[in-house]
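Enquirer: Below is the sequence, then the predicted model.
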Amino acid sequence: MAKKRTDEELQRVASGVRQLVRAAARAEKEFAAELASVDPTTRESARNLVHYLAVRRHDVRDLQAALQRLGLSSLGRLEAHVMASLQSVMHAIDALRGKPGGPMEMPPVTFDSGDEHLARNAKAILGPPARGLATRIMVTMPGEAADDPGLIRDLVEGGMRIMRINCAHDTILEWKRMLEHLRRAEAETKKRCLVCFDLAGPKLRTGPMTPGPAVIKWRPKRDSLGSVTEPAHVRFVARMQESDALAGAIPASPKLVAAARVGDTVELVDARGRVRRLAVVARSPDDFECETGSTAYVVPETRLVLERAGSVVAEGEIGELPHREQWIELHTGDKLEIRRGEAPGHDAVHDEDGKLISPAMVSCAVGELFDSVRKGERIYLDDGKFRGVIREVRKDCLVVEIAVALGGAAKLRAAKGINVPGSDLALSAITAKDLTDLDFVARHADMVGMSFVQRPDDVKALMKALAARRASKLGIVLKIETQAAFERLPSLLLAAMRHKPLAVMAARGDLGVEVGFERLSEVQEEILWFCEAAHVPVIWATQVLESLAKGGMPSRGEVTDAAMGSRAECVMLNKGPYIRETLRFLVDVLARMEKHQHKKTSRLRKLKVSGARRARAKR
């Protein structure tokens, strides 16, 4: 009786596996045009991807359980070699049935060649990993790296093998300096580091805000009893540079700056009418620094008096100051207007009785947003801090109801992301800025990241732009960061496999907002699976060890996430003041995890803890 049940189960699983083999063969005919157009050296990988698509159109969970009961492969690791896996299981079933099957067609990818294809493709675009690792590490450059060659050298020495420059930030001048520092670091460390430029792409962002007052505030640090524990440091400069403005320096009359000496006193009356005295503690030819134990608010044209030993040495005034950044405060249930163009945003307007006269407003310069969305669709702002519903669509305005504001009320600032996951925006993935940046990137990069790619035509447009710049050998990184890109991932891969070399970045920031954070774990798994089937390397990106990079201490969840990154061919770190420490931490995590895991396969190395009981007995 038991033998009969086994025979019946063997017959059922044989039928199920044959069904998958037939489906894979049909899929090759379905995708014949796409397969014919890929680069000849990637055709085997493209066929394997098509076979994987065919298998994943079926729910094979019952078949997997039956195969496991028979002691056979459950097909849970077939991604890199689909047809070889199916044929191997079929041969095993036939052997158990005592009915050897006929000869089968040679699979396009074998168990060995599947892994070899992926390893070769990863090395072609990402280069070799640091010694002792299988996974490469990419690090995003902060703007300060342009003036900090030591940082870049430390990162190269520490294991960075790809330097990422985001074209949405800084300028060609800063990019040039970063590259100069990198080449010097390579020469000093004798370590190769590739360069990836991420094109900015057509990201939807909130427009400018109505500027606030031009004012600078300083204040000392105080303890709980109000005593000063650290004075405020105030720097006055004769000629204001962009870096000075970012550092909070204050422009002052050049004659006063030139006259200042250590030990002098600067006296002023601040915007609240309060007299403030500051002690000069350091100076250089174009600036001087003061300390004070008092808080002050200063505005342009504030009079400054420089005193030495009780006598007035020089007089001057404060120059032009940057306007303070403003924001819009939005509450759950509020209305928000998003208008076409770049008009400055503003808060809602109410009358004396608190009645709403007009809702808060922000602008968006990307006109396609207004032409593509529909009433009732979802819209998220600032990485999901605000979740809304489009209640009205006009020619140049969207009326949004804020369904959820983080914490019930939150601040919306300029240049924050806008996501419309339910909409199919008719946006070109390459902007005019991207084309201008490509003129520089094509001469200096090893690979280029394509932001907000959505359609196969976007990939073709990038390949055309590279060809026009004689840069067709440049690697392409498809950044999967929208719901549309994820849903079209197989088509994007087949389109991009016309080009070599190729990689995919799982850009989980915007992607999490678009697909919903509850689905992100599932989606990132699927990206890994499809790319392994295509033998395309994956870059695990966005917020990896972010708390460590920015604050010096990782969260437990981030450590687990970093360990998951070992299943990709590359892990990307973002910038932060603790990036050196973060790089060291990640290298340690990856080195440990790679001994235990390869893709979806657990590696059963010897575990020290397994001998703990025997060790205790000996003691």
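Expert: Alright, I've got the coordinates.
Enquirer: Are we agreed that residue 380 is in a helix?
Expert: No - Residue 380 is assigned strand when assessed by DSSP: H, G, I helix; E, B strand; the rest coil, not a helix.
Enquirer: contacting residues for the residue nearest to it when sequence neighbours are not counted?
Expert: Closest residue to residue 380 apart from its sequence neighbours, by CB to CB, 6 or more residues apart in numbering: residue 419 at 4.3 Å. Glycine gets a C-beta too; all of them are placed from N, C-alpha and C. Contacts for residue 419 (CB atoms under 8 Å, 6 or more residues apart in numbering) come out as 204, 379-381, 384, 482, 510, 513-514.
Enquirer: try 7 Å this time
Expert: 380, 510, 513-514 (CB atoms under 7 Å, 6 or more residues apart in numbering).
Enquirer: Pipe the residues you listed into a markdown table and attach distance to residue 197, neighbour count and pLDDT per row.
Expert: Listed next are the contacts of residue 419 as a markdown table, based on distance: CB to CB, whole Å; neighbours: other CB atoms under 10 Å; pLDDT from 0 to 100:
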| residue | distance to residue 197 | neighbour count | pLDDT |
| --- | --- | --- | --- |
| 380 | 27 | 21 | 95 |
| 510 | 19 | 25 | 89 |
| 513 | 24 | 24 | 90 |
| 514 | 24 | 23 | 91 |
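Enquirer: In helices, which of those residues appear?
Expert: 510, 513-514 (DSSP state H).
Enquirer: before we move on, the earlier item: which two of the contacts of residue 419 have the greatest separation?
Expert: 380 and 510 (9.5 Å; CB to CB).
Enquirer: Kindly check the end-to-end length of stretch 23-36 for me.
Expert: Start-to-end span of stretch 23-36 (CA to CA, to the nearest Å) is 19 Å.
Enquirer: So what touches it?
Expert: Against stretch 23-36 from outside (CB under 7 Å, 6+ apart): 43, 46-47, 50-51, 53-55, 57-58, 82-83, 494.
Enquirer: do the same with stretch 304-315
Expert: With CB under 7 Å, 6+ apart, stretch 304-315 has contacts from 252, 255-256, 259-261, 264-268, 316-318.
Enquirer: Show me which positions of that stretch end up buried.
Expert: 304-306, 314 (16 or more other CB atoms under 10 Å).
Enquirer: Kindly reformat those residues as TSV containing distance to residue 446, pLDDT and secondary structure.
Expert: Converted to TSV, those look like this (distance: CB to CB, whole Å; pLDDT from 0 to 100; DSSP: H, G, I helix; E, B strand; the rest coil):
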residue	distance to residue 446	pLDDT	secondary structure
304	51	97	strand
305	57	97	strand
306	53	97	strand
314	54	96	strand
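Enquirer: Make a markdown table from these and add distance to residue 12 to it.
Expert: Formatted as a markdown table, the buried residues of stretch 304-315 follow (distance: CB to CB, whole Å):
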| residue | distance to residue 12 |
| --- | --- |
| 304 | 90 |
| 305 | 95 |
| 306 | 93 |
| 314 | 95 |
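Enquirer: What is the least confident helix or strand in this structure?
Expert: helix 612-618 (a mean of 57; mean pLDDT, DSSP states H and E).
Enquirer: CA atoms only for the strand or helix carrying residue 592, dumped as CSV, please.
Expert: For residue 592, the host element (DSSP states H and E) is helix 579-593. Extracted C-alpha coordinates of helix 579-593, given in CSV (Å, rounded to 0.1, in the frame of the first residue of the first chain):
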residue,chain,number,x,y,z
ILE,A,579,31.4,56.7,7.9
ARG,A,580,34.9,55.4,8.7
GLU,A,581,33.6,53.4,11.7
THR,A,582,30.6,52.3,9.7
LEU,A,583,32.8,50.9,6.9
ARG,A,584,34.9,48.9,9.5
PHE,A,585,31.7,47.6,11.1
LEU,A,586,30.2,46.5,7.7
VAL,A,587,33.4,44.7,6.7
ASP,A,588,33.3,42.7,9.9
VAL,A,589,29.6,41.8,9.5
LEU,A,590,30.1,40.7,5.8
ALA,A,591,33.2,38.7,6.5
ARG,A,592,31.3,36.8,9.2
MET,A,593,28.1,36.3,7.3
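Enquirer: Fine, thanks again, bye for now.
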